[in-house]
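> sequence? don't have it. structure:
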Ligand SMILES: O=C(O)c1ccccc1NCC(=O)[C@H](O)[C@H](O)COP(=O)(O)O
């Protein structure tokens, strides 16, 4: 069993619990969507999605002392184009309350990074204030991916559709994904290779598709590598969470679009 299988097995239990106890739209009123797509597609620099991630299966504890709203504010002040919040509890020590707390503190789009397998998680993401949700091609059969994609779009959410290989990229294109996230991390082996983006991004020919490269960004040279292949945004977790000087980290990773 891979770690992704383990995470998905937990999600099946979480969804069963949610269906029992969660009533969509029972939370705070939902404010207007902040479009990640519109902001990133026209930006002059490679946009940065800065992530709040306390821990992860591959790295263990990263930063449990973080105060999510304060961290998010610092991200925004340093030029983050969007903020990603890992809300999974068992494997990443996150919570939906992190997302809700951050929503009120910043004006950039908020990505609910979780392992979505059911519509009720999309309802919840919207209710807690997400503008964007993540769908992972490796986690869902094509028919379910398509259904969840359409469901999220009907709720006026942007969808970051994540792929890691050619077959998943083909699926993402057939779903009509406007935002494709290429994860450099293999969620089954944890191997991280920025070459995955170089390989897959060159196969996305539609200039209206927004390409985001995810995972493994440490240095400016990493970003320079992917921007040559039409990447308009990067998703950065660990480097942000371990940074002792976010102004410096953002300045290192911010590069102009070609
Ligand atoms: O990060 C993990 O160990 C992990 C394991 C299994 C599923 C997902 C996982 N991470 C989610 C992500 O893809 C990253 O949080 C995100 O892309 C940022 O990566 P990084 O900048 O390398 O922290």
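Here it is on my side, so go on. Quantities reported herein were computed from a predicted structural model and do not represent experimental measurements. Numbering: from 1, shown residues only.
> tell me the contacts of residue 45?
Shown in contact with residue 45 (CB atoms under 8 Å, 6 or more residues apart in numbering): 254-257. All C-beta spots, glycine's among them, are computed from the backbone N, C-alpha and C.
> Go through those and name the one nearest residue 213.
Comparing the contacts of residue 45 against residue 213 with CB to CB picks out residue 255 as the nearest, at 12.2 Å.
> pLDDT, secondary structure and distance to residue 187 for the contacts of residue 45 - can I get that in JSON lines?
As requested, the contacts of residue 45 are exported to JSON lines (pLDDT from 0 to 100; DSSP: H, G, I helix; E, B strand; the rest coil; distance: CB to CB, whole Å):
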{"residue": "254", "pLDDT": "98", "secondary structure": "coil", "distance to residue 187": "27"}
{"residue": "255", "pLDDT": "98", "secondary structure": "coil", "distance to residue 187": "27"}
{"residue": "256", "pLDDT": "97", "secondary structure": "strand", "distance to residue 187": "31"}
{"residue": "257", "pLDDT": "94", "secondary structure": "coil", "distance to residue 187": "28"}
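> Just the buried ones out of those residues, please.
Buried residues within the contacts of residue 45, counting neighbours by 16 or more other CB atoms under 10 Å: 254-255.
> Reformat the contacts of residue 45 as TSV; add distance to the ligand.
Formatted as TSV, the contacts of residue 45 follow (distance: CB to the nearest ligand atom, whole Å):
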residue	distance to the ligand
254	16
255	16
256	21
257	21
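> and the contacts of residue 45, which two are the farthest apart?
The farthest-apart pair in the contacts of residue 45, when distances are taken by CB to CB, is 254 and 257, at 10.9 Å.
> list residues touching both of those two?
Shared contacts of residue 254 and residue 257, counting by CB under 8 Å, 6+ apart, come down to 45-46.
> Would you mind naming what in the stretch 1-150 of the chain lies close to the ligand?
By CB under 6 Å from any ligand atom, the residues of the stretch 1-150 of the chain that approach the ligand are 3, 51, 53, 56-58.
> Centre of the chain to stretch 66-85, how far?
A distance of 14 Å separates the C-alpha centroid of stretch 66-85 from that of its chain, computed with CA atoms, centre = their mean, to the nearest Å.
> Distance across it, terminal residue to terminal residue?
Distance across stretch 66-85, first residue to last, is 12 Å (CA to CA, to the nearest Å).
> what mean pLDDT does it have?
Averaged across stretch 66-85, pLDDT comes to 98.
> Could you pull up the residues touching the closest residue to the ligand within the stretch 101-250 of the chain?
Closest to the ligand within the stretch 101-250 of the chain is residue 237: 2.8 Å, counting by CB to the nearest ligand atom. Shown in contact with residue 237 (CB under 8 Å, 6+ apart): 51, 53, 56, 62, 84, 86, 215.
> distance of the third one from residue 33?
Taking CB to CB, to the nearest Å as the measure, residue 56 falls 28 Å from residue 33.
> Of the two, give the one with the bigger neighbour count.
residue 56 (20 against 16; other CB atoms under 10 Å).
> Report the spatially closest residue to that one, excluding sequence-adjacent ones.
In space, residue 56 comes closest to residue 92 once its chain neighbours are excluded; the distance is 5.8 Å by CB to CB, 6 or more residues apart in numbering.
> Can you mark which positions in the longest helix belonging to the chain are buried?
Counting residues, the longest helix found in the chain (DSSP state H) is helix 3-21. Neighbour counts using 16+ other CB under 10 Å place 4, 7-8, 11, 14-15, 18 of helix 3-21 among the buried residues.
> in this protein, which ranges drop under the pLDDT threshold?
Where the chain drops to pLDDT under 70, the residues are 26-30.
> Count the neighbours of the closest residue to the ligand within the stretch 51-200 of the chain for me.
Going by CB to the nearest ligand atom, the ligand is nearest to residue 58 of the stretch 51-200 of the chain, at 3.1 Å. Number of residues near residue 58 (other CB under 10 Å) recorded here: 15.
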